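Asker: Show me how the following folds:
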Amino acid sequence: QSKMLPATFKLCAGISYRHMRNMTGLRRNALAAIHHELNRLAGPGPSNWISQVRRRSSLLSSRIQEEEVYNDEEMSYVKQGEDALQKAISILSEQDGWTVETVAANGDKVLSKVLPDIGKVFKLEVVMEQHPDNLYEELVEKMEQMGDWNPNVKQVKILQKIGQDTMVTHEVSAETPGNVVGPRDFVSVRCAKRRGSTCFLAGMSTQHPKMPEQKGVIRAENGPTCIVMKPCAEDPNKTKFTWLLSLDLKGWIPKTIINKVLSQTQVDFASHLRNRMANNVSMETAHAC
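Answerer: Take a look at the predicted model:
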């Protein structure tokens, strides 16, 4: 059953079901635009990739019809997720203007860029030893387990799932060493997509009736953010892993400290994810013996 939402939430969501029904053609155009940009970002892949994309493109119009059964609240989250994905793709597609923040000994790299209306965004570029499907399973299908292996995250909880692509999550971050930045929490809408062998996970801040602001924890804002995982050209079993990060941590923290914390958080994430995937392989090997 559709639930009445506060007017503020409706305003934030920026969408109404009746309005969307009258914009089916525009939604189809928007989905097609996202589809086109996803394909462009994904780049060339295995020989059957093009046929997979064409097959998936036929699902676009059916997606419109499926979404008609969503209620107001669900429809707003689907739209927000698609908006986050489209904005993130637009940022990642622009190659010029990035400044190197840090390069680790293993080649992991963080770049940054200042964008109008968004502020400073960070981009992690690394190579992972695993296939994108394995990373997608860990980061999307096992999302609530992230706190088990990433010490920068206390907890991730899925508040609501809408269809195959969209979910609303609540994440609590741990305080940084020395409590330079105290714990923060985020309520985000996330949009997960696959295009051939390339995987996308985009997100941005939202509001959800199940998770109002919590006492003692600063509610930070994120977005647009996006992780892109595609097979390396030289070795399809390895992954070119790109993470666009945009965060407003709120509170009174000097920008120099924020910049250092965010770029370090991205480098740490890559390290923790590698360890997690290595441990997964070790456990699978142990079970097989």
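Asker: host element of H36?
Answerer: helix 24-42 (DSSP states H and E).
Asker: I'd say C191 and G203 touch.
Answerer: Yes - shown here, C191 and G203 form a contact pair, counting by CB atoms under 8 Å, at 6.9 Å. In short, each C-beta sits where N, CA and C put it, glycine included.
Asker: ok, which stretches of the stretch 101-250 of the chain are helices?
Answerer: Shown for the stretch 101-250 of the chain, the helices assigned by DSSP state H, counting those that start in this stretch span residues 132-136, 146-149.
Asker: Turn those helices into TSV, including mean pLDDT and mean neighbour count.
Answerer: Output for the helices of the stretch 101-250 of the chain, formatted as TSV (pLDDT from 0 to 100; neighbours: other CB atoms under 10 Å):
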stretch	mean pLDDT	mean neighbour count
helix 132-136	95	20
helix 146-149	96	16
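Asker: Adding distance to P116, write those out as a markdown table.
Answerer: Below are those laid out as a markdown table (distance: least, CB to CB, whole Å):
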| stretch | distance to P116 |
| --- | --- |
| helix 132-136 | 32 |
| helix 146-149 | 32 |
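Asker: before we move on, back to that, now list whatever residues contact both of C191 and G203.
Answerer: 81, 84 (CB atoms under 8 Å, 6 or more residues apart in numbering).
Asker: returning to what we had before: closest one to V172 among the helices of the stretch 101-250 of the chain?
Answerer: Closest approach to V172 among these is made by helix 146-149 (8.2 Å; CB to CB).
Asker: The closest one - contacts with which helices or strands?
Answerer: strand 153-162, helix 255-288 (3 or more CB pairs under 8 Å, 6 or more residues apart in numbering; DSSP states H and E).
Asker: who wins for proximity to L247 among the ones you listed?
Answerer: helix 255-288 (6.1 Å).
Asker: any idea how far the closest one is from the chain center?
Answerer: Offset of helix 255-288 from its chain centre (CA atoms, centre = their mean, to the nearest Å): 16 Å.
Asker: How about that helix, which residues are buried there?
Answerer: Within helix 255-288, the residues scored as buried using 16 or more other CB atoms under 10 Å are 258, 261-267, 269-270, 272-274, 276-277, 280.
Asker: got the angle between it and strand 153-162?
Answerer: 80 degrees (axes from the mean of the first three to the mean of the last three CA atoms, to 10 degrees).
Asker: thinking again about what came up before, include mean pLDDT and distance to E141 when you put the helices and strands packed on helix 146-149 into a markdown table, please.
Answerer: Listed next are these as a markdown table, based on pLDDT from 0 to 100; distance: least, CB to CB, whole Å:
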| stretch | mean pLDDT | distance to E141 |
| --- | --- | --- |
| strand 153-162 | 96 | 11 |
| helix 255-288 | 86 | 13 |
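Asker: what sits against V114?
Answerer: Counted by CB under 8 Å, 6+ apart, V114 has contacts 120-121.
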